[in-house]
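In: Would you be able to build a 3D model of this:
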Amino acid sequence: MVKDRIEIRCVRCNKLLGKVPEGTIAEIEMKCTKCKTIHTYKINNTEALEAQGN
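Out: Predicted coordinates:
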């Protein structure tokens, strides 16, 4: 059975950037290919994504 996945979306244009399994702990920096905005995403367990725009 596949775990539920948390969607990572651009906070500016809402484009889907990726999905990660619930329970993942990570801090990643991604650049949106649509609007070119760079964000740092902090994923902590099953909590919602926190995004900080640069």
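In: center of the chain, which residue is that?
Out: Taking C-alpha atoms, centre = their mean, the centroid of the chain lies closest to residue 8, which sits 2.8 Å from it.
In: Tell me which helix or strand comes right after the host helix or strand of that one.
Out: For residue 8, the element it lies in under DSSP states H and E is strand 5-9. Going down the chain from strand 5-9, the next helix or strand is strand 16-21, by DSSP H and E.
In: which neighbours does the helix or strand following that following strand have in its sheet, and in what orientation?
Out: The helix or strand immediately downstream of strand 16-21 is strand 26-31, counting by DSSP H and E. Its sheet considered, strand 26-31 pairs with strand 38-43 (antiparallel) by DSSP bridges.
In: now the strand it pairs with: how far from the chain's centre is it?
Out: Counting by C-alpha atoms, centre = their mean, to the nearest Å, strand 38-43 is centred 6 Å from the centre of its parent chain.
In: what is the rounded mean pLDDT of it?
Out: When pLDDT is averaged over strand 38-43, the result is 92.
In: Give me the angle between it and strand 5-9.
Out: Orientation of strand 38-43 against strand 5-9 (axes from the mean of the first three to the mean of the last three C-alpha atoms, to 10 degrees) gives an angle of 160 degrees.
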